[in-house]
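Asker: have a look at this fold, sequence not included:
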């Protein structure tokens, strides 16, 4: 991987992190929760929540706590599950 590829990949990850953070902030606001309220109800520190909404940076545990409070934890259930194939042809094509 070249330096440019590395920079672009990191940029893509940062954009993705920010889009998740923005979605969480929007969801929080729709529920009429302040950062302080969500922090208290989820067990995530106010500073961590603020940093996440502003930069996209948060620990996995913090993200899962926020998702649980916002009834979005099920979105993580299949994140690393192996693909199930309905036929031998699908399995062959996947390799």
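Answerer: Thanks, I have it. Since we're looking at a predicted model, the values are computed, not measured. Numbering: from 1, shown residues only.

Asker: ok now the longest helix anywhere in the chain, how far from the chain's centre?
Answerer: Secondary structure assigned by DSSP state H gives helix 3-30 as the longest helix of the chain. Centroid separation for helix 3-30 versus its chain: 9 Å, with CA atoms, centre = their mean, to the nearest Å.

Asker: can you name the next helix or strand after that helix?
Answerer: helix 35-42 (DSSP states H and E).

Asker: which residues touch that following helix?
Answerer: 28, 33, 44-46, 48-50, 53, 65-66, 68-70 (CB atoms under 8 Å, 6 or more residues apart in numbering). Placement of C-beta: from N, CA and C, glycine included.

Asker: related to what we said a few turns ago, the longest helix of the chain packs against which elements?
Answerer: helix 46-55 (3 or more CB pairs under 8 Å, 6 or more residues apart in numbering; DSSP states H and E).

Asker: which non-adjacent residue is nearest the spatially most central residue of the chain?
Answerer: When CA atoms, centre = their mean is applied to the chain, the residue found nearest the centroid is residue 20 (5.2 Å). In space, and not counting its chain neighbours, residue 20 is closest to residue 56: 6.7 Å by CB to CB, 6 or more residues apart in numbering.

Asker: show me what contacts the one you found?
Answerer: By CB under 8 Å, 6+ apart, the residues touching residue 56 are 14, 16, 17, 18, 20, 21.

Asker: endpoints of stretch 53-63, how far apart?
Answerer: End-to-end distance for stretch 53-63: 11 Å, by CA to CA, to the nearest Å.

Asker: can you list the buried residues in it?
Answerer: The neighbour-count check on stretch 53-63 (16 or more other CB atoms under 10 Å) flags 53, 56, 58, 62, 63 as buried.

Asker: and if you look at stretch 19-29?
Answerer: 21, 24, 25, 27, 28.
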